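S.K.: Sequence plus predicted model, see below.
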2 protein chains.
Amino acid sequence: MNPAGLTALEISRRAQLRPIAEVAAQLGIAADDLDLYGRYRAKLSLGLTRRLQDAPPGKLVLMTAITPTPAGEGKTTTSIGLVDALNRIGRKAVVCLREPAIGPCFGMKGGGAGGGRAQVVPMEDINLHFNGDFHAVTSAHNLLAAMLDSHLHFGNALGIDVRRVLWRRVMDMNDRALRELVIGLGGAGNSMPRESGFDITAASEVMATLCFAESLPDLKERFGRIAVAWNAARRLVTANDLKAAGAMTVLMRYAIQPNLVQTLEGSPALIHGGPFGNIAHGCNSVTATKLGLRLAEFAVTEAGFGADLGAEKFLNIKCRKTGLRPDVAVLVATIRALKYHGGVKVADLGRPDVAALTAGLDNLRKHLENLRAFGLPVVVAVNTFPSDTLEEWQVVAAACAELGAPVARCEHFTRGGEGAEDLARLVAQTAATPSRPIAFTYADDLPLLEKVRSVARAIYGADDVVPEGATAEKLRGFEAAGFGALPVCMAKTQYSFSANPQLRNRPRGFKVPLRDARLNAGPGFVVIYTGEIMTMPGLPKVPAAEAMDIDADGNTVGLF
Amino acid sequence: MNPAGLTALEISRRAQLRPIAEVAAQLGIAADDLDLYGRYRAKLSLGLTRRLQDAPPGKLVLMTAITPTPAGEGKTTTSIGLVDALNRIGRKAVVCLREPAIGPCFGMKGGGAGGGRAQVVPMEDINLHFNGDFHAVTSAHNLLAAMLDSHLHFGNALGIDVRRVLWRRVMDMNDRALRELVIGLGGAGNSMPRESGFDITAASEVMATLCFAESLPDLKERFGRIAVAWNAARRLVTANDLKAAGAMTVLMRYAIQPNLVQTLEGSPALIHGGPFGNIAHGCNSVTATKLGLRLAEFAVTEAGFGADLGAEKFLNIKCRKTGLRPDVAVLVATIRALKYHGGVKVADLGRPDVAALTAGLDNLRKHLENLRAFGLPVVVAVNTFPSDTLEEWQVVAAACAELGAPVARCEHFTRGGEGAEDLARLVAQTAATPSRPIAFTYADDLPLLEKVRSVARAIYGADDVVPEGATAEKLRGFEAAGFGALPVCMAKTQYSFSANPQLRNRPRGFKVPLRDARLNAGPGFVVIYTGEIMTMPGLPKVPAAEAMDIDADGNTVGLF
């Protein structure tokens, strides 16, 4: 798939990287604000963040997408291509992205560092261990778990109900055998036997918390609020009750600093924070986004999954909490995905099919309506594939014209920034109009269940929601505990507007089951589960790890 | 305890650190061979290691100790003080140390970065996350575990006996609740239910393997040999059988590079590899030791615990495998520990007691005899405490004179390098004599059980060993599988020459029980368990973590 038959890793390795200090200097960052991690990676000081916080911000570009196929529609590559293109046409731009998790690299997932000629580099460093942030999250999360079980071991003065512990452990590895465990076995020296399990680190509440903390004291206060268990009196026990927040913050001292790397074309990239797109809000840290806006004329940031999930949470959670406001949204679509929504099988997506394409445009229309309902101007980016035909492109272009949405074909995957210059010009032009306040989907003071209902009706197009089991009771419990004003963070399949991944395109006449709800007091939201969400992936039968190796020159090979 | 009433962390923070590039330049290391990790930490390139491998080596100083009290006798501080002192008297010296684990920092252990005026800095960075090496070991170890359980899940083509899996998981945390688990619960999607557990990362065979690997291909080959389970046919299943070695090596790509930091006085410190002193060999990486010898006139390296454990394993394992040969051993003693061996209770060690001191000198004599039996010249370093009296010192000095061992009083803890200048002069003088080949305790071709017997008799002064349970059978099994030529790595209490921590001083007439044996094919040794060895510590009732915090300036506080 890649240009010239090269893997992403090979393209990355052949790139002429600039010393990262040079990339920083171009953004006006002094050496004192730069902590180097090798030659091509750096962390930026919190002092820089503080000093720039009142500087006039640049334009914020929100990269989102239509409902994706299992292959993804290319938001990350389009974000990178757009920033390269903006820089090419003389507009200073920086891309803000999530950090990829390590574990999935060994399974079958592609990397989280773009692909083709639209990559952030060095890709193997960004995908593995990247400046230690995921490891710091793992340590801080598991320290809290160890302190909790140690508390149980030494008499349980807080009266924690061992059957109602909320805090699990995390590991940045695809390891299905750790999903459900019995821990504390082996006798009285080994704490209390109880059921527990591991999630992957990206799913840690510590990660989501990191993404909202704007300073170390803020991070510590947020950690302190994290609920770890119910006690016998049915009150929530927090990290502060276990006196863990200070030490957790110490472990996160460097992880809170945004990371600077570059694209293949030398554009600056802030890659910081890697929360799950399903059970968390799925976008990079607030610190990185705010910093990006102060360092450049344009900050392009990506929100995970389709716009019904990523953009909805970006706007209703991240923007609501921080005052951030996108000046323009880019809605990424592919002709393949539109045909998929029009009913074509995955295996047949390479064949021209104007009828299916036309039908599938309903999906794009609904996402466009939703983004506009938030008050955002939208540019459509069609991420091209070699199988696209001219006729198909003309169908999409005509539909966008009818919808009044500027649209650009993008070829950044094969051509780099040059291939996204049309998009860059449309984005710059659209962003020039002053942005309006965001029209949030729900008000802070609405009951939690009503917030969920608002999202389901307005964004998903559902008839209603159906709270199952103890969900409604849990939501009332969170309200009673003082968390009623929090926004809701929807955990839903990314493959459909509905909770059923089989319902493609723009489904109607469906209801959204609400299976469970969990409080995330650290980042400050209530997670709503609309189905089974896997928080610890497994390895496939033949994991990618089997092909990974170090060659004779010490280079990594086989990393997709 | 610290000078001027400051904590180790406060002393560390007040130090005027030199940019690490300057420390490197003084060793003749070019910027191209230096990967910075922030301002005061760096990793050195493998290219540097390769280019220098045939350069003439400096003198190797092995830092070891008498049988310690629970407080430890100060090998790390003496190593640091000696190197500072050597540099002060104009002899270029570098200290080679193990990396401290993160987990114990949150329990009650002091840091692994020295103390008082003899520290390596920045101490909080060295103790927490230090350049990511422990995290890389954790990832590589747990990747192998995930691949193993995934293999079981997908049909177990290798016929692994799920009751005889040898490979556990690791976490760098004191977490007793993870010692014994049942994993794979929750149904058919979550692999096979089986018993397992977690060790602390320092106890990982991946860590011990790292410490012996001298290149990435060497590391990969060693990883491939690691035995993870027995199959139904009672053959060992290896990491190579699971096709895991390449990906494990990819994860260790940076961890294999030695880390450069500095002492409080600006002397260079190579801190690399952190294997357990009990179930592993307990010293820093071969790469760092060899590199240190090429970068300076003196490389001072520390071996964990007393000389019966640390020095014995350093010589019989590390030196045997690598050709390294100490030019002089420094035997650290304290008057407190000598009185302890003479029968004084821990609470009373601050009181003068010449009779007990005189009796306790037997412990020092036995360690001295042992080191000399290896063919090493020995200098005794008395690490002073404020409670020591002049009379007590004179007793020790007279005993050393009688034994023909040069002895120096050391005050590096309160005075830094200046306080260890006497020791530095004795060490330099003693090392000037060409060293002799090491007289190993046993030959490669001796049966494994005989190797253990040789160590127990010659080094511990035991009458014999007593193989218990299946130990003798296991050893024969390892021999049958082709591992008979490996050295033995003794796991024994550090508080006695015997396997009984209550037997202080120089016990006689005892036998050493051999409770278990495990193959460590990666580093290349067979671990012999002489008692219960804890491989996953727990937190105390009031863990140190409770006092840790970030102050208003973003500085870490409460880290011992």
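M.R.: All right, it came through fine.

S.K.: Next, the distance between the ends of stretch A:83-94.
M.R.: Using C-alpha to C-alpha, to the nearest Å, the end-to-end distance of stretch A:83-94 comes out at 6 Å.

S.K.: what about it, distance to the chain center?
M.R.: 23 Å (C-alpha atoms, centre = their mean, to the nearest Å).

S.K.: Check which residues of that stretch are buried.
M.R.: Using 16 or more other C-beta atoms under 10 Å in any protein chain shown as the test for burial, stretch A:83-94 gives A:83, A:84, A:85, A:86, A:87, A:88, A:91, A:92, A:93, A:94. In this view, the C-beta of every residue, glycine as well, is placed from N, C-alpha and C.

S.K.: Surely the second one touches residue A:415?
M.R.: No: no contact is recorded between residue A:84 and residue A:415 when judged using C-beta atoms under 8 Å, the distance being 10.0 Å.

S.K.: Run through the helices of the stretch 251-400 of chain A in chain order.
M.R.: A:286-295, A:310-313, A:320-322, A:335-341, A:354-373, A:390-403 (DSSP state H, counting those that start in this stretch).

S.K.: any residues touching the last one, and which ones?
M.R.: Judged by C-beta atoms under 8 Å, 6 or more residues apart in numbering or on different chains, the contacts made with helix A:390-403 from elsewhere in the structure are A:333, A:335, A:338, A:352, A:354, A:357-358, A:361, A:364-365, A:368, A:380, A:382, A:384, A:406-407, A:409.

S.K.: Give me the buried subset of those.
M.R.: A:333, A:335, A:338, A:357-358, A:361, A:364-365, A:368, A:380, A:382, A:384, A:406-407, A:409.

S.K.: Which strands and helices lie in contact with whatever helix or strand residue A:230 lives in?
M.R.: Secondary-structure assignment from DSSP states H and E places residue A:230 in strand A:227-231. Packing partners of strand A:227-231 (3 or more C-beta pairs under 8 Å, 6 or more residues apart in numbering or on different chains; DSSP states H and E): helix A:133-153, strand A:160-165, strand A:236-238.

S.K.: Throw these into a markdown table and include distance to residue A:230, thanks.
M.R.: Listed next are those as a markdown table, based on distance: least, C-beta to C-beta, whole Å:
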| stretch | distance to residue A:230 |
| --- | --- |
| helix A:133-153 | 12 |
| strand A:160-165 | 4 |
| strand A:236-238 | 6 |
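
S.K.: Now stretch A:434-444: buried residues?
M.R.: For stretch A:434-444, the neighbour count (16+ other C-beta under 10 Å) marks A:438, A:440, A:441, A:442 as buried.

S.K.: If you could redo that for stretch A:46-66, that was the one I meant.
M.R.: Neighbour-count burial for stretch A:46-66, with 16+ other C-beta under 10 Å as criterion, is recorded at A:46, A:48-49, A:52, A:57-66.

S.K.: In chain A, where is pLDDT below threshold?
M.R.: Along chain A, the model assigns pLDDT under 70 to residues A:1-4, A:109-111, A:560.

S.K.: can we see that at 80?
M.R.: Within chain A, the stretches with pLDDT under 80 are A:1-6, A:8-9, A:12-13, A:109-112, A:552, A:560.

S.K.: What are the structural domain limits within chain A?
M.R.: Annotated domains of chain A cover A:8-133+A:255-431, A:135-251, A:448-530 [automatic domain parsing].

S.K.: Show the end-to-end separation of the longest one, please.
M.R.: Okay, so that is domain A:8-133+A:255-431. Termini of domain A:8-133+A:255-431 sit 32 Å apart (C-alpha to C-alpha).

S.K.: about what we covered before: now render the buried residues of stretch A:434-444 as CSV, adding secondary structure and distance to residue B:419.
M.R.: Formatted as CSV, those follow (DSSP: H, G, I helix; E, B strand; the rest coil; distance: C-beta to C-beta, whole Å):
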residue, secondary structure, distance to residue B:419
A:438, coil, 65
A:440, coil, 66
A:441, coil, 68
A:442, coil, 68
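
S.K.: could those residues be laid out in CSV, adding distance to residue B:494?
M.R.: Shown next, in CSV, are those (distance: C-beta to C-beta, whole Å):
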residue, distance to residue B:494
A:438, 63
A:440, 62
A:441, 63
A:442, 62
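
S.K.: Sort out which one of those lies nearest chain B for me.
M.R.: Proximity of those to chain B (C-beta to the nearest C-beta) peaks at residue A:438, which lies at 32.4 Å.

S.K.: Surely residue A:25 is within a strand?
M.R.: No: counting by DSSP: H, G, I helix; E, B strand; the rest coil, residue A:25 is not found in a strand; it is helix.

S.K.: Show me what counts as buried in stretch A:207-218.
M.R.: Using 16+ other C-beta under 10 Å as the test for burial, stretch A:207-218 gives A:207, A:208, A:209, A:210, A:211, A:212, A:213, A:214, A:216, A:218.

S.K.: Mind exporting the C-alpha coordinates of that stretch to PDB?
M.R.: Taking Å, rounded to 0.1, in the frame of the first residue of the first chain, the C-alpha atoms of stretch A:207-218 are listed here in PDB:
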ATOM      1  CA  MET A 207      -4.100   8.500  31.500                       C
ATOM      2  CA  ALA A 208      -7.400  10.400  31.000                       C
ATOM      3  CA  THR A 209      -6.500  12.500  34.100                       C
ATOM      4  CA  LEU A 210      -3.100  13.400  32.600                       C
ATOM      5  CA  CYS A 211      -4.800  14.700  29.500                       C
ATOM      6  CA  PHE A 212      -6.800  17.300  31.500                       C
ATOM      7  CA  ALA A 213      -4.200  18.400  34.000                       C
ATOM      8  CA  GLU A 214      -2.600  21.700  33.200                       C
ATOM      9  CA  SER A 215      -0.100  21.700  36.100                       C
ATOM     10  CA  LEU A 216       1.400  19.400  38.600                       C
ATOM     11  CA  PRO A 217      -0.800  20.700  41.500                       C
ATOM     12  CA  ASP A 218      -3.800  20.300  39.200                       C
END
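
S.K.: and whichever residue of the stretch 301-450 of chain A sits closest to chain B, how many neighbours?
M.R.: As assessed by C-beta to the nearest C-beta, chain B sits closest to residue A:322 within the stretch 301-450 of chain A, at 21.2 Å. With neighbours defined by other C-beta atoms under 10 Å in any protein chain shown, the count for residue A:322 comes to 13.

S.K.: isn't it right up against residue A:290?
M.R.: Yes: the pair residue A:322 / residue A:290 is scored as a contact, 7.4 Å apart, by C-beta under 8 Å.

S.K.: does residue A:256 really touch residue A:44, like I thought?
M.R.: No: using C-beta under 8 Å, residue A:256 and residue A:44 do not qualify as a contacting pair, with a distance of 10.6 Å.

S.K.: list residues touching both of the two?
M.R.: Counting by C-beta under 8 Å, 6+ apart, residue A:256 and residue A:44 have no common neighbour.

S.K.: Leaving out chain neighbours, which residue sits closest to the residue in the stretch 351-500 of chain A that chain B sits nearest to?
M.R.: In the stretch 351-500 of chain A, the residue that lies nearest chain B is residue A:493 (17.5 Å; C-beta to the nearest C-beta). Distances taken as C-beta to C-beta, 6 or more residues apart in numbering or on different chains place residue A:501 nearest to residue A:493, at 4.4 Å, with adjacent residues excluded.

S.K.: my read: the one you found touches residue A:492, true?
M.R.: No: in this structure residue A:501 lies outside contact range of residue A:492 using C-beta under 8 Å: 9.6 Å.

S.K.: Look at those two and report which has more neighbours.
M.R.: Using other C-beta under 10 Å, the more surrounded residue of residue A:501 and residue A:492 is residue A:492, with 26 against 14.

S.K.: For the nearest residue to that one once chain neighbours are set aside, give me its contacts.
M.R.: Excluding the flanking residues, the one nearest residue A:492 by C-beta to C-beta, 6+ apart is residue A:530, at 4.4 Å. Neighbouring residues of residue A:530 by C-beta under 8 Å, 6+ apart: A:490, A:491, A:492, A:493, A:499, A:512, A:513, A:514, A:515.
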